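**Student:** Dropping a prediction and its sequence here:
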Amino acid sequence: EVGLWDDRVLADDCGEAAAAWFSCVLGARCRLMRFGAAAVRATGGSWTGGVPQPTRFADGYPLLVIGAASLEDLNDKLRSCGRPALPMDRFRPNLVIEGLSAFEEDYVDTFALGAARIKPVKPCPRCPIPRIDQATGVPGLDPLDILQAYRRKPQLDDAVCFGMNCIAQAGAGERLFVGQDVVATLAF
């Protein structure tokens, strides 16, 4: 069993060789685990219309979508304060959508990607992880101080949000591709 927030999930150990490699690289004894073949973990139903959705080791939802223009908007604000721009990997999205206006993903009802239908269900409250350089593990300046000026969400107790947590409404198992056409249907 692996603990993830309040959940206990069955996981498969990836073996001694993987454990030795990661322990050496990270300088701490550890095991590499993957989601168990028979394991089940679901999102809460409060943001998904009462229907729990399958997820795995993600924080709470199976997908995170961020619009490319949203990051550019943040980076413009960071640069105007004399700070370096951040790469998208700092926010760890599964899908980066181009062609939307900044933060338009907040207002999308569904994204259609071929047979797949992705539904944004909850703004993503941010933790301090975006301050960590993904390549080096070295912390830098936290972008939350800039984001808090304009990305607080009252429906989430004024949490600073960036990106949208999403579920798959249709097309589970479909392959998505870099450069694939995406049709965004707005919720209003």
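**Tutor:** Good, I have the coordinates.

**Student:** Quick check, pLDDT for the most centrally placed residue in the chain.
**Tutor:** What sits nearest the mean C-alpha location of the chain, by CA atoms, centre = their mean, is residue 64, with 3.5 Å. At residue 64, the pLDDT value in this model is 96.

**Student:** So it is in contact with residue 124, correct?
**Tutor:** Yes - in this structure, residue 64 is within contact of residue 124 by CB atoms under 8 Å, at 5.8 Å. Heads up, the C-betas are built off the backbone N, CA and C, glycines and all.

**Student:** Spit out the contact partners of the nearest residue to residue 123 once chain neighbours are set aside.
**Tutor:** In space, and not counting its chain neighbours, residue 123 is closest to residue 161: 3.8 Å by CB to CB, 6 or more residues apart in numbering. By CB atoms under 8 Å, 6 or more residues apart in numbering, the residues touching residue 161 are 123, 124, 125, 126, 151, 152, 153.

**Student:** Residue 161: which element?
**Tutor:** Secondary structure assigned from DSSP states H and E places residue 161 in strand 159-170.

**Student:** Just the C-alphas of that strand, formatted as CSV.
**Tutor:** Written as CSV, here are the backbone C-alpha positions of strand 159-170 (Å, rounded to 0.1, in the frame of the first residue of the first chain):
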residue,chain,number,x,y,z
ALA,A,159,-6.6,29.7,-2.9
VAL,A,160,-4.2,30.9,-5.6
CYS,A,161,-5.1,28.9,-8.7
PHE,A,162,-3.3,28.2,-12.0
GLY,A,163,-4.7,25.7,-14.4
MET,A,164,-7.8,23.5,-14.4
ASN,A,165,-8.1,20.0,-13.0
CYS,A,166,-10.0,17.9,-15.5
ILE,A,167,-11.6,14.5,-16.1
ALA,A,168,-12.1,12.4,-19.2
GLN,A,169,-15.7,12.4,-20.2
ALA,A,170,-15.2,10.3,-23.3
